[in-house]
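K.L.:
Predicted structure and sequence below. I'll ask about it afterward.
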Amino acid sequence: MNTVLLQYAVEVEKTGSITQAAGNLYMDQPNLSKAIKTLEESLGAPIFKRTPKGVVPTARGRIFLEYARNVLAQLEEMEALYKPAKAGGVEFALSMPRASYISYAFSLFVKRIDRKEGMNLWLRETNSADTLRDVDRGEYKLGIIRYKPSAEAYYAKQAAECGLKTELLLEYDERLLMSQAHPLALADHIEPGDLLPYIEITHGDGSTSGHREFKAADSPPANRIYIFERGTQMGLLHENSDTYMWVSPMPPPVLRQHGLTERTCADGNHRYRDVLVYRNGYKMGKWERLFLEELEQVKAGLMGKI
């Protein structure tokens, strides 16, 4: 289907007038009418109907136009990916695990960019294997991978085979994230068994520490909620005071914003490393350095938690 015809139909819907739409599109009214008729014939159903107040979509036409707008919006986004950036504008791409301290640093980084500069920023939250591929293929200049210390040799080998350099960003024990109203929120000491009455929230796609498979010797929690979008977790934790989640250390402003708190747990199986990766020989530009500067500031605020 010709996308130009989709543009014509969307413009007619927006104006409610073929005459006005033709003027906006810098074309003759008969030609626009013919184009709309051609589109309707290809669909086998009318898109518009004439009324005393102008041209309005039919019931099926409204559905078609909704799809048409979505298609045009996606095409525009695709084209934007490959258009040259504004001279001197900001180009930055980071592939990373789900981590509030990193995304918080990114938000502070964005604040420091002069809007007049123009910007193209990409932030992808994914797993370590995908991040290594992202950086290896040059789709992202920087990556951050996450793994347990016991997997150090494996990931060092994977990075080396991809021609990537690694730098340790942060090593930490995961914390329990929960509502300030959670029954354990004020507990001085939490054992793994103390968590059994409560609901664990975990990511269902393995993007970070993943959803852990329990072995026979483990005591699984009675209930779990698997989520696939990080924004969901904050609302669930805040509104359900019997839920908790294992997370990397979180910046205090993020905790306050969502009415959440962190607690440690006497479980030695939750230590992780977050490691920066980039191609050997890659010289970081101004914007990568600025982001890492913000990340260091955020990390400094976490040091008492690690």
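P.N.:
Yep, that arrived.

K.L.:
so residue 76 sits in a helix?
P.N.:
Yes - secondary structure assignment places residue 76 in a helix (DSSP: H, G, I helix; E, B strand; the rest coil).

K.L.:
For residue 2, see how far away it is.
P.N.:
16 Å (C-beta to C-beta, to the nearest Å). All C-beta atoms are positioned from the backbone trio N, CA, C, and that covers glycine.

K.L.:
Isn't residue 45 up against residue 60?
P.N.:
Yes - the criterion here is C-beta atoms under 8 Å, and residue 45 meets it with residue 60 at 5.3 Å.

K.L.:
Tell me which stretches of the stretch 151-300 of the chain form strands.
P.N.:
164-173, 175-179, 199-203, 223-227, 243-247, 260-263, 271-279 (DSSP state E, counting those that start in this stretch).

K.L.:
Of those strands, flag the one that's most buried.
P.N.:
For these, the largest average neighbour count (mean count of other C-beta atoms under 10 Å) is found in strand 175-179, namely a mean of 24.

K.L.:
That strand - contacts with which helices or strands?
P.N.:
Applying 3 or more C-beta pairs under 8 Å, 6 or more residues apart in numbering; DSSP states H and E, one finds that strand 175-179 contacts helix 230-239, strand 243-247, strand 260-263.

K.L.:
out of those, nearest to residue 141?
P.N.:
helix 230-239 (22.5 Å; C-beta to C-beta).

K.L.:
who touches that closest one?
P.N.:
98, 125, 177-179, 201, 203, 225, 227, 243-245, 258-260 (C-beta atoms under 8 Å, 6 or more residues apart in numbering).

K.L.:
Let me see the mean pLDDT of it.
P.N.:
The average pLDDT for helix 230-239 rounds to 89.

K.L.:
picking up where we left off before, will you turn the strands of the stretch 151-300 of the chain into CSV that also has mean pLDDT and distance to residue 111?
P.N.:
Listed next are the strands of the stretch 151-300 of the chain as CSV, based on pLDDT from 0 to 100; distance: least, C-beta to C-beta, whole Å:
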stretch, mean pLDDT, distance to residue 111
strand 164-173, 96, 21
strand 175-179, 96, 24
strand 199-203, 93, 27
strand 223-227, 91, 28
strand 243-247, 96, 23
strand 260-263, 96, 23
strand 271-279, 96, 21
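
K.L.:
quick one, which of the ones you listed is nearest to residue 40?
P.N.:
Nearest of those (C-beta to C-beta): strand 223-227, 43.2 Å.
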